[in-house]
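Asker: Give me a model of this one.
(2 chains)
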Protein chains: 2
Amino acid sequence: MVNYPNMKRSWQSRAMMTSDKKHYTAHRGMSLEEDISLSNQYYLSHDIAVIYKKPTPIQIVKVDYPRRESAKIVEAYYKTPSTTDYNGIYRGRYIDFEAKETKVKTFPFANISKHQIDHLQKIINHGGIAFVIIAFTSLNEVYLIDASHMINDYYHSQRKSITYQKIKDLGHLIPQGYQPRLDYLKVVDDWYFKEDE
Amino acid sequence: MVNYPNMKRSWQSRAMMTSDKKHYTAHRGMSLEEDISLSNQYYLSHDIAVIYKKPTPIQIVKVDYPRRESAKIVEAYYKTPSTTDYNGIYRGRYIDFEAKETKVKTFPFANISKHQIDHLQKIINHGGIAFVIIAFTSLNEVYLIDASHMINDYYHSQRKSITYQKIKDLGHLIPQGYQPRLDYLKVVDDWYFKEDE
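Answerer: So this is what the prediction gives:
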């Protein structure tokens, strides 16, 4: 590998960029999905974890073949996902999660489907790590909350939502930075692997 | 639950249907994908494993809104998947695999992408269970072969394919039946969990 003379400087400028870790930049034109996608790419390229967003399920109705061997979908519809958006492997464990943004200081259960809640329960039953990432966009704060809390409130709470305060109490603030953008695996290390360290 | 008087007879007829387990029925109108899908549904409904096929990735170019809140995709294209088709959790372990049919008595590497081969290698590196399911449709035989063998031949073999004989020697014949159609987790039990029993 060539030892570029400006490498240190380049690294220093990155360090400066990462120093301000407090503010969630979803509203500087990035969505939570893009931030997680960038973080997953970082984890993958640094051989830390293999976690992908599943493609959006599409019901294909009609396909044209304008040229030989080139298929053009001309009628299709979005389908409701029966599972969560993200899964993969980290430190030998199966990881599964859903990620949601909310503009208000509460997380309405209308934002997550019963299918997804039940899917997360199954992952827990089978020994996987299951959680929900919730971005409070107005506060620039992103939390990881274990799926068990979400499932419990979904089925047993009087409310049709889970409050910011409760997510703050039961969940864990995800550190934000330059690379990875949203270091949610840091929280996974601290809370799901703490007995290993 | 109502105890239907004809339940036993119904079960007996099922038993008769399962007695002929030798022949792969992909060509009785079922594809390998459908067989795996049915098996995954069986595993899910019997609380054995949570394994899904990922949706096909689609590049969406144009969406119309003929009615409010109803989106109709009118231009889209198939994208090349960067990962495998199937993943999930079984007995606490992360499972990842690709499934392919071949009509000839060999498996051409052209049937699997370099992206998929490299993805399977990453899964092994991170402690997951990774394999390829190959259906020889002319023989009605379906094999599970550990991804390590596939990766090794993909990168080091002189041939641009892996022979039926080699898959038979290194892989494991998947039992076929009525429910589950293709009991590939039986093979996973025997080969990936044998030290546990």
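Asker: Span of stretch A:79-94 from start to end?
Answerer: Taking CA to CA, to the nearest Å, stretch A:79-94 runs 25 Å from one end to the other.
Asker: same question, stretch A:108-127
Answerer: Terminal residues of stretch A:108-127 are spaced 27 Å apart (CA to CA).
Asker: Mind checking what helix or strand follows the lengthiest helix in chain A in sequence?
Answerer: Using DSSP state H, we find that the single longest helix of chain A is helix A:32-45. Sequence order places strand A:49-53 as the next helix or strand after helix A:32-45, per DSSP states H and E.
Asker: Give me the sheet partners of the next helix or strand after that next one and which way each runs.
Answerer: Per DSSP H and E, strand A:49-53 leads on to strand A:58-67 as the next helix or strand towards the C-terminus. According to DSSP bridges, strand A:58-67 has the following sheet partners: strand A:70-78 (antiparallel).
Asker: ok, and does the helix or strand following the strand it pairs with reach over to chain B?
Answerer: Toward the C-terminus, strand A:70-78 is succeeded by strand A:86-90 as the next helix or strand (DSSP H and E). Yes - counting by CB under 8 Å from any CB of the partner chain, chain B has neighbours in strand A:86-90: A:87, A:88, A:89, A:90. Heads up, the C-betas are built off the backbone N, CA and C, glycines and all.
Asker: Next SSE downstream of strand A:86-90?
Answerer: strand A:93-102.
Asker: Just the angle for that next one relative to strand B:86-90, thanks.
Answerer: Using axes from the mean of the first three to the mean of the last three CA atoms, to 10 degrees, the direction of strand A:93-102 lies 110 degrees away from that of strand B:86-90.
Asker: buried set for strand A:93-102?
Answerer: A:93, A:94, A:95, A:96, A:97, A:98, A:99, A:100, A:101, A:102 (16 or more other CB atoms under 10 Å in any protein chain shown).
Asker: Between helix A:32-45 and that strand, find me the angle.
Answerer: Using the same axes, to 10 degrees: strand A:93-102 against helix A:32-45 is 160 degrees.
Asker: by contact count, what packs against strand A:93-102?
Answerer: helix A:32-45, strand A:86-90, helix A:114-125, strand A:129-136, strand B:86-90, strand B:93-102 (3 or more CB pairs under 8 Å, 6 or more residues apart in numbering or on different chains; DSSP states H and E).
Asker: can you redo those as JSON lines with distance to residue A:164 and mean pLDDT?
Answerer: Below are those laid out as JSON lines (distance: least, CB to CB, whole Å; pLDDT from 0 to 100):
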{"stretch": "helix A:32-45", "distance to residue A:164": "16", "mean pLDDT": "97"}
{"stretch": "strand A:86-90", "distance to residue A:164": "23", "mean pLDDT": "98"}
{"stretch": "helix A:114-125", "distance to residue A:164": "20", "mean pLDDT": "97"}
{"stretch": "strand A:129-136", "distance to residue A:164": "6", "mean pLDDT": "98"}
{"stretch": "strand B:86-90", "distance to residue A:164": "31", "mean pLDDT": "98"}
{"stretch": "strand B:93-102", "distance to residue A:164": "33", "mean pLDDT": "97"}
